[in-house]
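**Q** The sequence and its predicted three-dimensional model are supplied below.
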Amino acid sequence: MLPTTKNVSTLSALLLVVGMAGCSRDRQQKPYVARVDQSFLTEEELAAVHDSLGDVRAQTRDYINEWIDTELLYQEAVRQGLAETESLRRQLEITRKRLAVGALLDRNLYTEDTADVSEDAIQALYNAGGDAFRLREDVVNISFALFGERDVANAFRSSLVRGNEWSDALRQIQTDSLMRSLLLQVADKQYFTQSNLYPRELWKLARTLGKGEVSFVVKTDNGYYVLTVHGMRRQGEMPDLEYIRMEIRDRILIEQRRARYEKLVKDLRAKHTVEVRIPLADTTAAVTEQ
């Protein structure tokens, strides 16, 4: 099974909790921001986590309080003899190995995911997708513009009806300072489903328009909308390639990562002696794989 970044992150968090308790012990010679008995959280250690916390005092206080709580609990665990048990050592060793494996995979597998996936590969998987990519709900590809006043919305619609392209009609609005101030929102050839197209009137409107048709000005609580439909795909149909392009790219990257993982493990098996002994249920014999 190919390890995931999520698994590695969980393990990292586990070691962080353990490390917070002991990494700053006996450092009283350095400037510190908090201490519990002879354990110190130094300014240097706190500065190292500022990239993730941001320079926000409340977050810094939360981190310091968490460090103090963890140190107190850790010291009590030590007092009760729970920090040096064989069970804990086994868990830490397993965690150490998994983190090391995660670092190895980051270096040898995941860093290559930044490589571009070819258009030919994306098109090929789309063509072969079959039922895997079929839509579970209707999807519309639309452009809309929202205006603060009806007159500006009507002027924009009239420009479209006269045959101007969407981008040209929009440019006419944006070059007029008064009209531009009344242009509140624009969506250009975006995909929507019923669940993410607001306000609801737009979905009803989109379903009544033919491809390339321009709507009348629609008044809503947000303002005045003008909408045009570029296409609609129904539930059960294949979506446009652009709608699922990133999903296809991610699938290809996952397959590439899996192939690199399998090759890495195969190469390592060839370099090492691997032996597996499995006791059989009805005999004391063993099966050995080499």
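**A** That came through, no problem. Residues are numbered from 1 along each chain as shown.
**Q** could you pull out the strands for the protein?
**A** 32-36, 39-42, 139-147, 183-192, 218-219, 224-233, 276-279, 286-289 (DSSP state E).
**Q** what's stretch 180-191 in contact with?
**A** Outside stretch 180-191, the residues that touch it by Cβ atoms under 8 Å, 6 or more residues apart in numbering are 139-149, 152, 166-167, 170, 173-174, 222-223, 230, 240, 242-243. (C-beta placed from N, C-alpha, C; glycine too.)
**Q** can I get the CA coordinates of it in PDB?
**A** Extracted in PDB, the C-alpha atoms of stretch 180-191 (Å, rounded to 0.1, in the frame of the first residue of the first chain):
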ATOM      1  CA  ARG A 180     -17.600  50.100 -13.900                       C
ATOM      2  CA  SER A 181     -18.600  51.200 -10.400                       C
ATOM      3  CA  LEU A 182     -21.900  49.500 -10.800                       C
ATOM      4  CA  LEU A 183     -20.400  46.200 -12.100                       C
ATOM      5  CA  LEU A 184     -20.500  44.100  -8.900                       C
ATOM      6  CA  GLN A 185     -19.500  40.600 -10.000                       C
ATOM      7  CA  VAL A 186     -18.500  38.700 -13.100                       C
ATOM      8  CA  ALA A 187     -18.300  34.900 -13.900                       C
ATOM      9  CA  ASP A 188     -16.700  34.000 -17.200                       C
ATOM     10  CA  LYS A 189     -17.400  30.500 -18.600                       C
ATOM     11  CA  GLN A 190     -17.600  28.900 -15.200                       C
ATOM     12  CA  TYR A 191     -19.200  25.500 -14.400                       C
END
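**Q** surely Phe133 meets Glu237?
**A** No - in this structure, Phe133 sits apart from Glu237 without contact. The criterion is Cβ atoms under 8 Å, and the distance is 9.9 Å.
**Q** which ones are touching Val33?
**A** Contacts of Val33 were listed using Cβ under 8 Å, 6+ apart, and they are 41-43, 46, 64.
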